[in-house]
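> only the shape, not the letters, is given here:
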């Protein structure tokens with residue numbers, strides 16, 4: 001029977017290296033980031049509680065006021081504790097800490113991973129939708145031309161449509177869509193002017209039409225309108 005060789009006196013026993021994931025998971029920097037991220041979540045929860053408390057107070061009534069006070073106190077506590085813990089010096093857990101404390105730390109690490117993924121996905125969604133601008137533009141219909149929406153006409157007349165936007169000022173953007181237009185047998189770029197009038201109303205106007213291959217650009221209302229009107233036929 002094969003016997004295991006015992007390390008000689010004065011000779012250290014070499015431990016097998018841990019996996020990359022394990023090293024990353026237990027790295028002090030990742031651990032500290034997870035704890036700080038948890039503190040940020042506490043602050044966010046507190047702010048949301050304060051916002052909800054405001055709505056409860058505005059609703060009026062005894063029950064709303066009572067719950068508003070509870071959310072107000074809870075929100076303030078979460079914000080204060082979260083800020084205090086965020087700026088406090090992180091201390092590495094001792095080996096003798098309870099199992100519950102280490103379980104809570106692992107939970108914070110998982111929250112950091114999930115939260116990072118959610119933030120990245122959210123940013124991609126916001127970018128792809130133009131922060132809600134693209135759906136608004138697509139839902140507009142120019143009644144003087146027809147009942148079809150901009151989105152319906154673009155889908156029917158522009159192949160491989162790609163949307164983009166350029167900020168003009170705090171309340172307005174230049175929104176463009178470009179792709180191949182079979183009707184004109186070349187690429188086309190259509191520009192719309194998007195303006196936020198107030199919290200509820202938005203205004204979209206046709207800004208111009210460009211044919212990049214031929215170098216033609218129409219930014220007057222009559223010429224651009226004629227090209228846009230041809231999509232309804």
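Arrived safely. All figures in this text were calculated on a predicted structure; none of them were measured in a lab.

> which residues of the protein fall in strands?
Ranges of strands within the chain are 159-169, 172-181, 186-196, 202-211, 216-218, based on DSSP state E.

> not counting residues beside it along the chain, what's closest to residue 149?
Leaving out its chain neighbours, the residue that sits closest to residue 149 by CB to CB, 6 or more residues apart in numbering is residue 141, at 4.7 Å. All C-beta atoms are positioned from the backbone trio N, CA, C, and that covers glycine.

> wait, residue 136
residue 202 (5.4 Å).

> so that neighbour touches residue 192, yeah?
No. The pair residue 202 and residue 192 fails to qualify as a contact (CB atoms under 8 Å) at a distance of 11.1 Å.

> which one's more surrounded, the two?
Applying other CB atoms under 10 Å to residue 202 and residue 192 shows that residue 192 carries more neighbours, namely 20 against 17.

> for residue 114, see how far away that one is.
Taking CB to CB, to the nearest Å as the measure, residue 192 falls 37 Å from residue 114.

> and if you look at residue 228?
Computed as CB to CB, the residue 228 to residue 114 distance reads 45 Å.

> neighbour-wise, which of the two wins?
residue 228 (18 against 10).

> contact partners for that one?
Listed by CB atoms under 8 Å, 6 or more residues apart in numbering, the contact set of residue 228 reads 142, 145, 153, 190, 206, 209.

> so what's the first one scoring on pLDDT?
Okay, so that is residue 142. As summarised for this prediction, residue 142 has a pLDDT of 88.

> what do you get for the second one?
pLDDT recorded at residue 145 is 84.

> partner residues bridging the residue nearest to residue 136?
Using DSSP bridges, the bridge partners assigned to residue 202 are residue 196.
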